[in-house]
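> Build me a model:
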Amino acid sequence: MKNIKLFLAVSALVFAVSFNISAQTLTSLDGEKINVANQSGKVVVLAIGASWLPLSKDQAGFTNKIANKFKGREVVVYFIATDSTSEKSKNFATNDELNAFATRTRLTVPILRDSDGAATLKKYAIDQIPSFVILGKDGKPATEAFGGLDPKSDISIPISQAIEKLL
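So this is what the prediction gives:
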């Protein structure tokens, strides 16, 4: 009986630790905590970029295109800002500056903050921004990250095709 109790206790601890490692909670510009991997059976698209990056304007357009295409379906789209929250960083941006970025680029999806980008980049093995990550309904990455942008091609097409396969 002791062995069973010990096994159950260790199993619960391992589950709790692995759950916390797989979860990623980010903060929206209005202060709401969002667990991007726990979206109740929805496909989640993460557009990972930065307000200071010139290609983020193009990324915002592609992000809006994807959000509009899947509006009303089981798809959630977020822009993950990797701009630093530390005033000492050269990549620092306030929430007001990120809101101005959203206005300037006409970004229509919620912006979530990853204070220095390290957590998101590491979690999804991203080596460049801008990038897109698609999480399946189980909250796990469903494809390789779509990294980099070519302004001459529409990255929303292969991303949309990948999303359709998950729905």
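> Against Lys88, how distant is the residue nearest to the spatial centre of the chain?
With distances taken as Cα atoms, centre = their mean, the residue of the chain nearest its centroid is Leu46 (3.1 Å). Distance from Leu46 to Lys88, counting by Cβ to Cβ, to the nearest Å: 27 Å. In short, each C-beta sits where N, CA and C put it, glycine included.
> again with Val43
37 Å.
> which one of those two has more residues nearby?
Val43 (22 against 6; other Cβ atoms under 10 Å).
> Was I right to think the more buried one contacts Leu166?
Yes - between Val43 and Leu166 there is a contact under Cβ atoms under 8 Å: 4.9 Å.
> Mutual contacts of these two, please.
Ile134, Gly136, Lys137, Ala142 (Cβ atoms under 8 Å, 6 or more residues apart in numbering).
> what's downstream of the least confident helix or strand in the chain by mean pLDDT, the next helix or strand?
Lowest by mean pLDDT, DSSP states H and E among the helices and strands of the chain is helix 2-22, with a mean of 38. Later in the chain than helix 2-22, the nearest helix or strand by DSSP states H and E is strand 25-28.
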